[in-house]
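In: Below are the sequence and a predicted model for it; my questions follow.
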Amino acid sequence: MRIKAFASRNIKELIRDPLSYIFCLGFPLVMLVVMTVIGQSIPDEAQMTVFSVQNQSAGTAVFGLAFVMLFSALLISKDRASALLSRLFASPMKSVDFILGYTLPLVIIAVAQLAVNFASSLVIGAATGESFDILNMLLSMLVHITTIFLFIGFGIIFGSLFNEKSSPGISSIIVSLAPILGGVWMPIDTMGGVILDVAKVFPFYHAVKASRTVLAGSTDGVLQSVMYLSAWAAVIFAISIFVFKAKMRSEKK
Amino acid sequence: MNAIKIDGITKRFGTKTAVNKLSLEIEQGELFSLLGVNGAGKTTLIKMLTCLLKPSEGNASILGKSVVSQSGEVKSVINLSTQETAVAPNLTVRENLMMIAGIYGMDKETAKSRTAEMIEKLSFGEYENQRAKTLSGGWQRKLSIAMALITQPKVLFLDEPTLGLDVLARRELWELVRSLKGKMTIILTTHYMEEAESLSDRIGVMINSNLITVGSPEELMKNTNTKSIEDAFVKIAGGDRNEN
């Protein structure tokens, strides 16, 4: 009941903020359209498949989820600055209620964002002559369940450690790095070298790669990518729980 | 029976002592006011009693439960209205009240009926579907207090509830607090002497982290040979500014 009441408040706070729509939905969709247009402008001989609607939809899914991280961080850091959280700390709520109360609404928003992303890709694909397999799209969304927890984990860490002014800035570093290291807008596999080695260390590359592979109807290397991504998500989410609880304890000292 | 028993409670922040070995007993149904200049330690004491801060030394119990070792039990019988307005800005008045009811474990039907009761009692009818951030300061403060009352706490902490309110809103809140007297134990901190004089059964004066004196408004005035709580406070605080 406590989790439901708090989660319900958080989802209302998020969906009533117009910036959520601009950044969580608007901006990634604009990027999807822009990159598709760029892709359409590149001659086929260049074999730049990274800009195909299919590949872009997988990339934009990860890019969009990075904004869910930004909003997680903003929600928590704003709450920390307000007297509302003091009131809630004095209530019977436990740390697990807070963590689930923050996480569940963000998961719902992230899943809705993925659905809108892939639905838009269907429409754009239809306009550009690319077709999608709906089942592959659903599988791709399933792959991103781990990506969702990865980004929410980052958001909880930044929101717990930084104030409402600095947490969006810190989150922006990840928002910028995720598409670069994920190879969303550049053929990182073709480029190879140090950038590919570095990209493979971080989870974003594996999230984009697994999603693209599944969308293409293949399973080659998907399990390895998802395992690697899940390990990152598990560690980051565990750290976020630790940091949030430690912060709760330190504010009582 | 005591609602609150404080036993040598102390809070230190580094080398600074914010509350120094404070002991006090407050009876059930009593309205106890804490007076003191800024930085006297009133809010720190309230934070320790509401389990928001851990005491450096000593202990306190609320209805027999320790704030140190039984904070879960303590939290279920208390509520507080903080110095700053503590509302969810994007939620309506009704949603804010429902949220707190849910957090304190009420089922949906009870939460609905208590919310309706608070809306009627505090005359929120006109604003019930308005988002908290669009309310005036006075109405936000009133909502913040309603969110503390909806859980029907046995002990209610009001930390400077009328701070920054105009005189009409302040008087309205006094009436509300007065109507609660005897129904629950209320601990009130305030800078308004008239407020303390008008509402309190007993008043405690804190100076420099210490509880200097405790008594009914009449006792404090009698002991200091003054005619108002403001004059009594000034005398107790060591700066008799009576120009007479």
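Out: That came through, no problem.
In: average pLDDT for stretch B:227-236?
Out: For stretch B:227-236, mean pLDDT rounds to 91.
In: So the closest residue in space to B:Ile236 that isn't next to it in sequence versus B:Ile62, what's the distance?
Out: In space, and not counting its chain neighbours, B:Ile236 is closest to B:Val205: 5.0 Å by C-beta to C-beta, 6 or more residues apart in numbering or on different chains. C-beta here means a position set from N, CA and C on the backbone, and glycine is covered the same way. Per C-beta to C-beta, to the nearest Å, B:Val205 is found 22 Å from B:Ile62.
In: ok, now B:Leu199?
Out: 21 Å.
In: Around chain A, pick out the residues from chain B.
Out: Within chain B, the residues that sit near chain A (C-beta under 8 Å from any C-beta of the partner chain) are B:50-54, B:72, B:75-76, B:78-80, B:82-91, B:95, B:98-107, B:131, B:144, B:147-148.
In: Counting only strands, which of these make the cut?
Out: Of the positions in the residues of chain B next to chain A, B:Ile78, B:Asn79, B:Leu80 sit in strands, assigned by DSSP state E.
In: Would you check that the first one makes contact with B:Leu158?
Out: No - applying C-beta atoms under 8 Å, one finds B:Ile78 not in contact with B:Leu158, separated by 11.6 Å.
In: who's more crowded, these two?
Out: Remark: of B:Ile78 and B:Leu158, B:Ile78 carries more neighbours, 29 against 26, as counted by other C-beta atoms under 10 Å in any protein chain shown.
In: and the ones in strands among the residues of chain B next to chain A as CSV, adding pLDDT?
Out: Output for these, formatted as CSV (pLDDT from 0 to 100):
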residue, pLDDT
B:Ile78, 96
B:Asn79, 95
B:Leu80, 92
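In: Which single one of these is nearest to chain A?
Out: B:Leu80 (5.5 Å; C-beta to the nearest C-beta).
In: mind listing what the closest one touches?
Out: A:Arg87, A:Ala90, B:Ile46, B:Thr50, B:Ala148, B:Leu156, B:Phe157, B:Leu158, B:Asp159 (C-beta atoms under 8 Å, 6 or more residues apart in numbering or on different chains).
In: distance of the fifth one from A:Asn117?
Out: Here the criterion is C-beta to C-beta. By it, B:Ala148 lies 43 Å from A:Asn117.
In: Could you do the first one as well?
Out: Relative to A:Asn117, A:Arg87 is positioned 37 Å away (criterion: C-beta to C-beta).
In: now swap in A:Asn136 and tell me
Out: A:Asn136 is 14 Å from A:Asn117, by C-beta to C-beta.
In: Just want to know which of these two has more residues nearby.
Out: Neighbour tally, A:Asn136 and A:Asn117, criterion other C-beta under 10 Å: the higher count belongs to A:Asn117, 27 against 18.
In: Number of residues surrounding the residue in chain B positioned nearest to chain A?
Out: Residue nearest to chain A within chain B: B:Gly102 (2.6 Å; C-beta to the nearest C-beta). Using other C-beta under 10 Å, B:Gly102 has 21 other residues around it.
In: Let me know whether it touches A:Ala5 as I believe.
Out: Yes - with contacts counted by C-beta under 8 Å, B:Gly102 reaches A:Ala5, the gap being 2.6 Å.
In: Which strands and helices lie in contact with the helix or strand that contains A:Ser167?
Out: Assigned by DSSP states H and E, A:Ser167 belongs to helix A:166-182. Applying 3 or more C-beta pairs under 8 Å, 6 or more residues apart in numbering or on different chains; DSSP states H and E, one finds that helix A:166-182 makes contact with helix A:53-81, helix A:134-161, helix A:193-201, helix A:203-215.
In: Contacts for it next, please.
Out: A:59, A:62-63, A:66-67, A:69-70, A:73-74, A:76-77, A:151, A:154-155, A:158-159, A:161-162, A:184-186, A:188, A:198-199, A:202, A:204-205, A:207-208.
In: Give the other helices and strands that the worst-scoring helix or strand of chain B on mean pLDDT contacts.
Out: Least confident helix or strand of chain B, by mean pLDDT, DSSP states H and E, is helix B:167-180 with a mean of 86. Contact here means 3+ C-beta pairs under 8 Å, 6+ apart; on that basis helix B:167-180 packs against helix B:137-149, strand B:185-190, helix B:193-199.
In: Most tightly packed of those?
Out: strand B:185-190 (a mean of 24; mean count of other C-beta atoms under 10 Å in any protein chain shown).
In: Let's test this: mean pLDDT of that strand, rounded?
Out: Here the average pLDDT along strand B:185-190 is 94.
In: Return the residues in contact with residue 40.
Out: All of this refers to chain A. Taking C-beta under 8 Å, 6+ apart, one finds A:Phe51, A:Thr128 in contact with A:Gln40.
In: Chain B is the one I meant
Out: Counting by C-beta under 8 Å, 6+ apart, B:Ala40 has contacts B:Met206, B:Ile207, B:Asn208, B:Ser209.
In: Could you find the closest non-adjacent residue to the residue nearest in space to the middle of chain A?
Out: The centroid of chain A falls nearest to A:Leu65 when counting by C-alpha atoms, centre = their mean (2.0 Å). Leaving aside its sequence neighbours, A:Leu65 sits nearest to A:Phe151 (C-beta to C-beta, 6+ apart; 4.9 Å).
In: Against chain B, how distant is that neighbour?
Out: Distance of A:Phe151 to chain B, given as C-beta to the nearest C-beta, to the nearest Å: 22 Å.
In: How about A:Leu135?
Out: In terms of C-beta to the nearest C-beta, A:Leu135 sits 38 Å off from chain B.
In: now the helix of greatest length in chain A: mean pLDDT?
Out: Counting residues, the longest helix found in chain A (DSSP state H) is helix A:95-128. The average pLDDT for helix A:95-128 rounds to 92.
In: for stretch B:3-12, same thing?
Out: On average, stretch B:3-12 scores 96.
In: mind listing what's buried in that stretch?
Out: B:Ala3, B:Ile4, B:Lys5, B:Ile6, B:Asp7, B:Ile9, B:Thr10, B:Lys11 (16 or more other C-beta atoms under 10 Å in any protein chain shown).
In: Okay, and the residue nearest the centre of chain B sits in which element?
Out: Centroid check for chain B by C-alpha atoms, centre = their mean gives B:Leu158 as the closest residue, at 1.8 Å. Here B:Leu158, judged by DSSP H and E, is contained in strand B:155-159.
In: tell me which residues of that strand are tucked away?
Out: Buried-residue list, strand B:155-159, by 16+ other C-beta under 10 Å: B:Val155, B:Leu156, B:Phe157, B:Leu158, B:Asp159.
In: Report the beta-bridge partner residues of the third one.
Out: This means B:Phe157. B:Leu80, B:Ile187 (DSSP bridges).
In: so it sits right up against B:Val77, yeah?
Out: No - B:Phe157 is beyond contact range of B:Val77, at 11.7 Å (criterion: C-beta under 8 Å).
In: Most proximal residue of chain A with respect to chain B?
Out: Relative to chain B, the nearest point of chain A is A:Ala5 (2.6 Å; C-beta to the nearest C-beta).
In: which phi and psi does residue 90 have?
Out: Chain wasn't specified; assuming chain A. For A:Ala90, the backbone dihedrals (degrees, to the nearest 10) come out as phi -90, psi 0.
In: show me the residues around it that make contact.
Out: B:Thr50, B:Cys51, B:Leu52, B:Lys75, B:Ile78, B:Asn79, B:Leu80.
In: Narrow these to just the buried residues.
Out: Buried, going by 16+ other C-beta under 10 Å: B:Thr50, B:Cys51, B:Leu52, B:Lys75, B:Ile78, B:Asn79, B:Leu80, out of the contacts of A:Ala90.
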